[in-house]
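In: Provide a 3D model corresponding to the input given below.
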Amino acid sequence: MTVKPREKPVDSDDDPVETMLKKTGCLELHYKVQECIAETKDWRKCQSAVNDFRDCINKHKKLEEKS
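Out: This next block holds a predicted model:
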């Protein structure tokens, strides 16, 4: 019996979270949150970026629910 090796997906090097965020259109906002946290070392100081990201995700969820 011969077993065919699994082929890796084309995007196998991509982070699964980044792949999901690309589909939502919120990836850049995610990066802004990460950058803010890296700079300030305090996520509480990044509430504007966090809220923008959350709004983007919620908007995407609502669009998917309508589909």
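In: For the rest of this, base every contact and every neighbour count on C-alpha atoms.
Out: Fine.
In: Show me what the helix or strand bottoming out on mean pLDDT in the chain packs onto, helices and strands only.
Out: Lowest by mean pLDDT, DSSP states H and E among the helices and strands of the chain is helix 16-24, with a mean of 94. Packing partners of helix 16-24 (3 or more CA pairs under 8 Å, 6 or more residues apart in numbering; DSSP states H and E): helix 27-40, helix 47-66.
In: can you rerun that using 7 Å?
Out: Of the remaining helices and strands, none touches helix 16-24 by 3 or more CA pairs under 7 Å, 6 or more residues apart in numbering; DSSP states H and E.
In: List of residues touching it?
Out: Under the criterion CA atoms under 7 Å, 6 or more residues apart in numbering, residues 27, 57, 60 lie in contact with helix 16-24.
In: buried set for that helix?
Out: For helix 16-24, burial by neighbour count (16 or more other CA atoms under 10 Å) applies to 21, 24.
In: swap in stretch 43-50?
Out: Within stretch 43-50, the residues scored as buried using 16+ other CA under 10 Å are 46, 49, 50.
In: repeat for stretch 34-45
Out: Of the residues in stretch 34-45, 34, 36, 37 count as buried by neighbour count, 16+ other CA under 10 Å.
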